[in-house]
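K.L.:
Predicted structure and sequence below. I'll ask about it afterward.
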Amino acid sequence: MLIRSIGQISESDMDYSFQCYFRQRWTDERLRFDIRNITEVTLNNLFLSNIWKPNTFFMNGQKSHQHNIPRPNLFVRIRNDGRVYLSRRLTVKAACAMKLNLYPMDKPSCPLVIGSYGYTEDDILYRWKYAGTNRTSVDVVNDIRLAQFDLITVTSSNMTDHTPFGEFSILKVYIYFERHIGFFILQTYLPCSMITCLSWVSFWINRDAAPARVLLGVTTILATAGIGMTVREGLSRVSYATALDTYLNVCVVYEMAAMIEYAAVNYFTKVLPLEGGADSSDEEIENVDPPGPNESVCLYSQKEYIYGKRTPELEKALPRTSFKLRSVDSCRKNRRKRQNSFGRLFLKCLTGNLKYRSHLRGRGNPDTGNAVSNIDVWCRYVFPVTFFVFNISYWLCYLFII
């Protein structure tokens, strides 16, 4: 067999096609002749109807045909010892069951199975001409070029198929390909990565700009989903996730996480005071243990601390030790900073802490609505770093490990 060209390799239909010269040789002693100075005779296709020939067919073939323009592309040669040589020009379309787990970094191998339609091994034994030698029985022309694949190698083998109807001699050909990934990087991976990075711009947008942040998040999710649907149109509807599906789904997860992050920021940090909410002057002093010699005391009641001076009641309540008295505003600021740390806010966000939100609204200050949330500040670093680590793991895993 000589493969002249390879056509489309379809992932959606799980098939491939190629054009080849298919040559068969067999010996029929009934066709011996003895003509002086003639050892071989070439005949046209009409002669085939008058002799015996093997009913060879492609077991996994689909819509294969012989070329008949301008005349049937075949010829027959008969030698004086009864050896028959038959050559046909065929276009073969065969099934190729691909495993798309690694798509588009996969290396598909497409088989071609050749055998007799009705003759068992008792009647016909198929063998490659150069089986067991250094020469190849299936040749490929050197100028074959494919748009999405590189042709790696072609192998051939002889086998016996055991069936309930007998043992059949068959031949197998495997054509190994390697897919080009450049197209997918330019058309899928790079755009999806840029769209995902675009969703992180919302971390720098003021949390009061709800329309801008929500519209940015929804747009990025829809854009990535649209790319995923377009890529899926050319694939078979397999029940497992491909490597490309994994990447697209992770991008969607990052974009949804950015949306959820803004919902948490808006719900737990952007608050306005309730009408008649608690006043800072009504807060009671916290019960604290007597301070040590080098410790400071924070007072939370303006009744106990007036204009930076100690009241007589405070002098009686505290022991006679030397300590530095910090301002009420500084203590409140530090306590609020601890309560608004990223870890605590994230935990309260996951648990849906309504008590915490009510407390914020009770002592909220409208003037601080434009302040930057600690959650936004943390996400500016967490999202890019984790996405970068994912990309490194993804490419190492699919290109070198699996």
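P.N.:
Perfect, thanks for sending it. Residues are numbered from 1 along each chain as shown.

K.L.:
For F168, give me its contacts.
P.N.:
The neighbourhood of F168, defined by Cβ atoms under 8 Å, 6 or more residues apart in numbering, consists of G115, S116, Y119, T120, E121, T160, D161. The C-beta positions use only the backbone N, C-alpha and C, and glycine is treated the same way.

K.L.:
Name the nearest residue to it, ignoring sequence neighbours.
P.N.:
D161 (4.5 Å; Cβ to Cβ, 6 or more residues apart in numbering).

K.L.:
my guess is the one you found meets I170, correct?
P.N.:
Yes: the pair D161 and I170 passes the contact test of Cβ atoms under 8 Å, sitting 5.0 Å apart.

K.L.:
returning to what we had before: of the contacts of F168, which pair is most distant in space?
P.N.:
Using Cβ to Cβ, the contacts of F168 reach their maximum pairwise distance at Y119 and T160, which is 13.2 Å.

K.L.:
And these two? Which one has more around it.
P.N.:
More neighbours surround Y119 than the other of Y119 and T160, with 17 against 11 (other Cβ atoms under 10 Å).

K.L.:
per-residue pLDDT, the residue most central in space within the chain?
P.N.:
For the chain, the residue sitting closest to the mean C-alpha position, by Cα atoms, centre = their mean, is L244 at 2.0 Å. Looking at L244, its pLDDT stands at 94.

K.L.:
is it fair to say it lies in a helix?
P.N.:
Yes: with DSSP: H, G, I helix; E, B strand; the rest coil as the criterion, L244 is located in a helix.

K.L.:
can you tell me which residues contact it?
P.N.:
Counted by Cβ under 8 Å, 6+ apart, L244 has contacts Y103, P104, F184, T188, V231.

K.L.:
quick one: least confident of those?
P.N.:
Lowest pLDDT among the contacts of L244: V231, 88.

K.L.:
what's around that residue, how many residues?
P.N.:
19.

K.L.:
which sections of the stretch 151-300 of the chain are below the confidence cut-off?
P.N.:
270-300 (pLDDT under 70).

K.L.:
what about the strands in it?
P.N.:
Remark: strands assigned in the stretch 151-300 of the chain by DSSP state E, counting those that start in this stretch are 166-179.

K.L.:
Let me know how buried Y262 is, in neighbour terms.
P.N.:
24.

K.L.:
Look up how far S199 lies from the closest residue to it other than its chain neighbours.
P.N.:
For Y262, ignoring the flanking residues on the chain, the nearest one in space by Cβ to Cβ, 6+ apart is R213 at 5.0 Å. According to Cβ to Cβ, to the nearest Å, R213 stands 10 Å off from S199.

K.L.:
now do A147
P.N.:
33 Å.

K.L.:
Please say which of the two ends up with more neighbours.
P.N.:
S199 (25 against 8).

K.L.:
got a list of what that one touches?
P.N.:
S199 neighbours (Cβ under 8 Å, 6+ apart): L216, G217, T220, I221, Y254, E255, A258, M259.

K.L.:
separation between it and P164?
P.N.:
Taken as Cβ to Cβ, the span from S199 to P164 is 60 Å.

K.L.:
do the same with A223
P.N.:
Relative to P164, and taking Cβ to Cβ, A223 is found at 55 Å.

K.L.:
Who has more neighbours out of the two?
P.N.:
Legend: neighbour count by other Cβ under 10 Å for A223 and P164, higher for A223 (19 against 4).

K.L.:
Leaving out the residues flanking it, which one is nearest to that one?
P.N.:
A223's closest residue in space is I195 (Cβ to Cβ, 6+ apart), at 5.1 Å.

K.L.:
ditto for M105
P.N.:
That would be Y398: by Cβ to Cβ, 6+ apart, it lies 5.1 Å from M105.

K.L.:
what about the one you found, which SS state?
P.N.:
helix.

K.L.:
what's it in contact with, if anything?
P.N.:
Here Y398 is in contact with L102, M105, A243 (Cβ under 8 Å, 6+ apart).

K.L.:
Can you check which residues contact both of D161 and I170?
P.N.:
By Cβ under 8 Å, 6+ apart, the residues touching both D161 and I170 are G115.

K.L.:
For F184, give its distance to G228.
P.N.:
12 Å.

K.L.:
domain assignment for this protein?
P.N.:
2-180, 183-271 (automatic domain parsing).

K.L.:
what's the first-to-last distance across the longest one?
P.N.:
In this case it means domain 2-180. 25 Å (Cα to Cα, to the nearest Å).

K.L.:
chain center to that domain: distance?
P.N.:
Centroid separation between domain 2-180 and its chain, computed with Cα atoms, centre = their mean, to the nearest Å, is 36 Å.

K.L.:
Ok, the shortest one next?
P.N.:
Here the centre of mass of C-alpha atoms in domain 183-271, compared against the chain's by Cα atoms, centre = their mean, lies 14 Å away.

K.L.:
Based on its surroundings, how many neighbours for R32?
P.N.:
Neighbours of R32 (other Cβ under 10 Å): 13.
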